[in-house]
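S.K.: Need coordinates for the below:
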Amino acid sequence: MMIQKRSIKKFMIYLFVLMSLTVFWLINHNGSNNVSPLTWLRTHQEVVATDFANQANDYLIEKEFHMPLILQTDERWYYEPYGDEIKDNFMGINGCAIASLAMVGSYWQNRYIEPVEIARWADKNYYLREQGTTWDIFSEYANAIGMQAHDLANNFEAVKYYLNLGYPVIISVKPGFFTEVGHIMVLAQSLEGDIVVYDPNDSPEKFHYREIFSEELFQQESLNYWVFKYS
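M.R.: Purely as a prediction, here's the structure:
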């Protein structure tokens, strides 16, 4: 009888340990995959180094966006090598396309992607001196993550169509309102139907993520658009 009780006790202890390990595994493997990368940031704020980025992403969470704002100027990777210029080959200077891909990649892969990951994947294969990152990088990166990049040219009606579906859209803009030298950003649509700009070079002096810009401005400033889709 005593031996039977001891066996039952050992079995209960074993069962408790097994259940505890199962719960731990589920939390660490499934739980993190069931939240958007932006929601994940709220409980892992150390992944964003700047107060401005923290503030921006808190605001975007409140507005029910699921894509994080990722800054090329984040101090953790500002000086990460990227580019092929005579000087200033840094992510913080040349990395707008890389940071934009990090945002779109984070959205579609449902995990937080740092620009460093994409920069190391790209290496120097998509950078032209005095021109910046080539547009080929969008289709190549989409393929690398099992997607397709659809070139929307400068078709703003197509942009609105995909934004209305909840798809982020990459935009290339010429020198003008947003930039002095040309720039890559990402567009998203709010629940109210407004277009929100995810500018990888945003700052407290700009606050682009809070601005509501007119459709006419995008039509004036844009050079090209791309959207990622699963085939």
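S.K.: Going by residue numbers, what spans are helices in the chain?
M.R.: 2-29, 37-43, 51-62, 91-94, 96-109, 115-122, 136-144, 156-164, 215-221 (DSSP state H).
S.K.: I'd like the distance between the residue sitting nearest the centre point of the chain and residue 87.
M.R.: In the chain, the residue lying closest to the centroid (C-alpha atoms, centre = their mean) is residue 103, at 1.4 Å. Distance of residue 103 to residue 87, computed by C-beta to C-beta, to the nearest Å: 27 Å. Every residue, glycine included, has its C-beta placed from N, CA and C.
S.K.: For the closest residue to residue 199 other than its chain neighbours, grab the count of nearby residues.
M.R.: Excluding the flanking residues, the one nearest residue 199 by C-beta to C-beta, 6 or more residues apart in numbering is residue 208, at 4.3 Å. For residue 208, the count of nearby residues is 18 (other C-beta atoms under 10 Å).
S.K.: mind giving me the domain ranges of this structure?
M.R.: What the record gives for the chain is the domain set 1-34, 39-229, from automatic domain parsing.
S.K.: Go through the ones you listed and find the least confident stretch.
M.R.: Note on the domains of the chain: lowest mean pLDDT is at domain 1-34, with a mean of 48.
S.K.: rewinding a little: could you look over the domains of the chain and pick the most buried one?
M.R.: Among these, domain 39-229 has the highest mean neighbour count (mean count of other C-beta atoms under 10 Å), at a mean of 18.
S.K.: Name all residues that make contact with the residue nearest to the centre of the chain.
M.R.: 67-70, 168, 186, 198, 200 (C-beta atoms under 8 Å, 6 or more residues apart in numbering).
S.K.: swap the cut-off to 6 Å and go again
M.R.: Contact analysis of residue 103 by C-beta atoms under 6 Å, 6 or more residues apart in numbering lists 67, 70, 186, 198.
S.K.: quick one: which of these is nearest to residue 223?
M.R.: Taking C-beta to C-beta as the measure, residue 223 lies nearest residue 186 of the contacts of residue 103, at 14.6 Å.
S.K.: Now for that closest one: which residues touch it?
M.R.: Neighbour list for residue 186: 100, 103, 168, 170, 198 [criterion: C-beta under 6 Å, 6+ apart].
S.K.: which residues does it bridge with?
M.R.: Counting by DSSP bridges, residue 186 forms beta bridges with residue 170, residue 198.
S.K.: circling back to that earlier point, with distance to residue 132 added, can I get the contacts of residue 186 in JSON lines?
M.R.: JSON lines is the format used below for the contacts of residue 186 (distance: C-beta to C-beta, whole Å):
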{"residue": "100", "distance to residue 132": "12"}
{"residue": "103", "distance to residue 132": "18"}
{"residue": "168", "distance to residue 132": "20"}
{"residue": "170", "distance to residue 132": "14"}
{"residue": "198", "distance to residue 132": "18"}
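S.K.: from the residues you listed, which single one is nearest residue 55?
M.R.: residue 198 (14.4 Å).
S.K.: That closest one reaches residue 69, doesn't it?
M.R.: Yes - under the criterion of C-beta atoms under 6 Å, residue 198 is in contact with residue 69, at a separation of 5.4 Å.
S.K.: about what we covered before: and the residue nearest to residue 199, how far from residue 124?
M.R.: 29 Å.
S.K.: Let me know whether the residue nearest to residue 199 touches residue 198 as I believe.
M.R.: No - counting by C-beta under 6 Å, residue 208 sits too far from residue 198 to count as a contact (8.2 Å).
S.K.: Hmm, residue 197 is touching residue 210, no?
M.R.: No - in this structure, residue 197 is not within contact of residue 210 by C-beta under 6 Å, at 9.4 Å.
S.K.: Sweet, I'm off.
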